[in-house]
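Student: Fold the following.
(one chain, ligands or ions: 1)
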Amino acid sequence: MNYQWYPGHMTKAKRMMQEDIKLIDLVIELVDARVPLSSRNPDIDELGKNKSRLILLNKADLADKNANKKWGEYFQGKGYFVQEVDSRSGAGMKAISAIIQEACKDKIERDRKRGIKNRPVRAMVVGIPNVGKSTFINTYAGKACAKTGNKPGVTKGKQWIRLNKNVELLDTPGILWPKFEDQAVGLRLALIGSINDEILNIDELAMELITFLKNQYPGTLEKRFQLDESEEKSAVQILEEIARVRGCLIRGGELDYGKASKLLMDDFRSGKLGKVTLELPEAE
Ligand code: GDP
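Tutor: You can find the predicted model right below:
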């Protein structure tokens, strides 16, 4: 999804979310496991106050296993329920129903005391663009309970997806906007491909990635590209080697840095370089 955030869109998105949040008991917030803080907008804490909270570390399949564990502990320490998931394969999703019951225990108990029986927990999915909200809803809800389309001429109402006898999910996710104020946040979102490449210099991104991998995941580039990533080598030199190894050439036999950068970024974003997390809780 491309996005250009204009204040008008943000205000509207926020207003819509405020309305939707009134209807629900539980906020299911998706973050990208590779950048759990950079892919969050903390405004959701204010919007979702008094609601039960579940954070899903989505795309956990692309992130570092140890880091996933650390982030799980980090968010748990802040009072959220947390679960690692891969929305594409469905890994980690079996546990969610039980977690939802646990997260909404107080509400269920309140209902019971008031004599309300079997009122399902209502939940909505929120997160920044590209974090996997639609994929999650489709996989979690499954094809069996795919939403029913709106009939033409009928005013669009809220659509709920019945997940099981205990849970209903709002069919449209709430969109949060990323926080761009911090440059490091912008860079990380660009690295995972959450920001349109057309507005960024791909060579620079590739060099940032090379520097990061060399420091935090040494050996990764060597393994993928059979090159020597020794200390003295600069990011440009490594990019040059990638271009050479992969035969990225422009007419006349010169190296095509743009092509090599694109290749490297695609490899990273699709997990071909291995499981990599770009930020850790200690550093925050
Ligand atoms: P949305 O904008 O938040 O609704 O995001 P989408 O559901 O459209 O997902 C954005 C991209 O991320 C798509 O290409 C998905 O296939 C991919 N994606 C979503 N969840 C996962 C996941 O858990 N793992 C991986 N590897 N890719 C995912």
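Student: going forward, measure contacts and count neighbours with C-alpha atoms only.
Tutor: Will do.
Student: could you show me where the strands are in this protein, in order?
Tutor: For the chain, the strands defined by DSSP state E occupy 26-32, 52-58, 81-84, 121-127, 160-164, 167-170, 174-175, 249-250, 254-255.
Student: Which single residue in the stretch 151-284 of the chain comes nearest to the ligand?
Tutor: As assessed by C-alpha to the nearest ligand atom, the ligand sits closest to Ser270 within the stretch 151-284 of the chain, at 6.8 Å.
Student: Which pLDDT value goes with that residue?
Tutor: Here, the pLDDT recorded for Ser270 equals 97.
Student: Kindly provide the distance from the residue most central in space within the chain to Leu239.
Tutor: Centre of the chain computed as the mean C-alpha position; nearest residue by C-alpha atoms, centre = their mean is Asp32, 2.6 Å away. Applying C-alpha to C-alpha, to the nearest Å, the value for Asp32 to Leu239 is 27 Å.
Student: what's the answer for Glu222, then?
Tutor: According to C-alpha to C-alpha, Glu222 stands 12 Å off from Leu239.
Student: same check, this time on Pro42
Tutor: Counting by C-alpha to C-alpha, the gap from Pro42 to Leu239 is 36 Å.
Student: Pick out whichever of these two has more residues nearby.
Tutor: Leu239 (22 against 13; other C-alpha atoms under 10 Å).
Student: in terms of contact, does the more buried one touch Lys259 like I think?
Tutor: No - with contact defined as C-alpha atoms under 8 Å, Leu239 does not count as touching Lys259 (10.2 Å).
Student: which residues does Leu54 contact?
Tutor: Leu26, Val27, Ile28, Glu29, Tyr80, Phe81, Val82, Gln83, Ile100, Ala103 (C-alpha atoms under 8 Å, 6 or more residues apart in numbering).
Student: got a list of what the third one touches?
Tutor: For Ile28, the contact set (C-alpha under 8 Å, 6+ apart) comprises Arg53, Leu54, Ile55, Leu56, Ala123, Met124, Val125, Val126.
Student: Mind doing that once more with 10 Å?
Tutor: Going by C-alpha atoms under 10 Å, 6 or more residues apart in numbering, Ile28 touches 52-56, 81-82, 100, 123-127, 133, 169, 173-174.
Student: just the fourth one next, same as before
Tutor: Neighbouring residues of Glu29 by C-alpha under 10 Å, 6+ apart: 40-41, 44, 53-58, 82, 124-128, 131, 133, 173-174, 176.
Student: roughly how far apart are it and the ligand?
Tutor: Distance of Glu29 to the ligand, given as C-alpha to the nearest ligand atom, to the nearest Å: 10 Å.
Student: Check what pLDDT that residue gets.
Tutor: At Glu29, pLDDT is 98.
Student: ok so, going back, please tell me I have it right and the residue nearest to the centre of the chain contacts Asp64.
Tutor: No - counting by C-alpha atoms under 10 Å, Asp32 stays clear of Asp64, with 11.8 Å between them.
Student: quick one: common contacting residues for the two?
Tutor: Here Asp32 and Asp64 have Thr277 as joint contacts, going by C-alpha under 10 Å, 6+ apart.
Student: List, one by one, the residues from the stretch 1-150 of the chain near the ligand.
Tutor: Within the stretch 1-150 of the chain, the positions adjacent to the ligand are 58-59, 61-62, 86-88, 129-135 by C-alpha under 6 Å from any ligand atom.
Student: among these, who's most crowded?
Tutor: Asn58 (28 neighbours).
Student: Can you report how many residues neighbour Ile128?
Tutor: By other C-alpha under 10 Å, the residues close to Ile128 number 22.
Student: what's it in contact with, if anything?
Tutor: With C-alpha under 10 Å, 6+ apart, Ile128 has these contacts: 29-32, 39-41, 173-179, 194.
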